[in-house]
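Novice: The amino acid sequence is not available; the structure is as follows:
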């Protein structure tokens, strides 16, 4: 499935969504952080996409001028993932309902993630779902993790506002933070490169929550 992302020819980000309102991700932000730490983005790119794309961790490609280089793509760290689960008070295996659209590519990504996450203590129960049905299920919040793609927008605001603003149209995860809302609103009033530092700060609630984890771009 070819896509175009922002300035350079690239695919859309392939986010690993985590529904913060469903167990176990509601337990602690550390659970989402643990799942991210368990995933080897480069391996997903090579195994599923034959190295065609770029491992990514932001809403834009690492080749994009808006990419925040001080937050590079993290490497897989199984020990860190296990520790994060322990810190969150969870005992392996941590069972997760993992909804995936019914197509060969998505199923293959899900199986790779399932195997990687298992080494960190997750039991990812893959639920293959017809695409339109998966969108409806996501809107209703009937999932714990959801693998889906996004077409991407030229201005990163188009890739973030509708996903992270409280009650925004694409915010199926239920993420809501008044400070993030204020930053998002302020960001729409100025050029991206001079937008609020909080939106580009690795300590803000948006990054800490890991309610959406981009895999490749």
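Specialist: Everything's here; your move. Predicted model only: the values in this text are computed from it and were never measured.
Novice: Could you pull up the mean pLDDT of the helix ranked longest in the chain?
Specialist: In the chain, taking DSSP state H as the definition, the longest helix is helix 104-120. Across helix 104-120, pLDDT averages out at 95.
Novice: Which is the succeeding secondary structure element to it?
Specialist: For helix 104-120, the succeeding helix or strand toward the C-terminus, using DSSP states H and E, is strand 122-129.
Novice: list the helices and strands that next one packs on?
Specialist: helix 29-38, strand 94-101, helix 104-120 (3 or more Cβ pairs under 8 Å, 6 or more residues apart in numbering; DSSP states H and E). In short, each C-beta sits where N, CA and C put it, glycine included.
Novice: so that strand versus strand 94-101, what angle?
Specialist: 30 degrees (axes from the mean of the first three to the mean of the last three Cα atoms, to 10 degrees).
Novice: What pairs with strand 122-129, parallel or antiparallel?
Specialist: strand 94-101 (parallel) (DSSP bridges).
Novice: can you tell me the distance between the two ends of stretch 62-81?
Specialist: One end of stretch 62-81 to the other measures 24 Å (Cα to Cα, to the nearest Å).
Novice: What ranges does this structure have for its helices?
Specialist: Going by DSSP H, the chain shows helices at 29-38, 41-49, 78-87, 104-120, 131-139, 161-164, 178-187, 205-209.
Novice: Next one: the most centrally placed residue in the chain from residue 91, what distance?
Specialist: What sits nearest the mean C-alpha location of the chain, by Cα atoms, centre = their mean, is residue 213, with 1.7 Å. Distance, residue 213 to residue 91, using Cβ to Cβ, to the nearest Å: 23 Å.
Novice: lowest confidence element among the helices and strands of the chain?
Specialist: strand 15-18 (a mean of 60; mean pLDDT, DSSP states H and E).
Novice: Check which helices and strands the longest helix of the chain is in contact with.
Specialist: Against helix 104-120 (3+ Cβ pairs under 8 Å, 6+ apart) you get helix 29-38, helix 41-49, helix 78-87, strand 94-101, strand 122-129, strand 145-147.
Novice: what stretches of this protein score poorly on pLDDT?
Specialist: 1-22, 154, 191-211 (pLDDT under 70).
Novice: Residue 116 contacts residue 40, doesn't it?
Specialist: Yes - Residue 116 is within contact range of residue 40, at 6.1 Å (criterion: Cβ atoms under 8 Å).
Novice: Need the overlap of contacts for these two.
Specialist: Common neighbours of residue 116 and residue 40 (criterion: Cβ atoms under 8 Å, 6 or more residues apart in numbering): residue 76.
Novice: number of nearby residues for residue 176?
Specialist: Neighbour count of residue 176, defined by other Cβ atoms under 10 Å: 18.
Novice: now it: how far from residue 118?
Specialist: Relative to residue 118, and taking Cβ to Cβ, residue 176 is found at 31 Å.
Novice: follow-up on the earlier one: looking at the helices of the chain, which is nearest to residue 171?
Specialist: helix 161-164 (5.8 Å; Cβ to Cβ).
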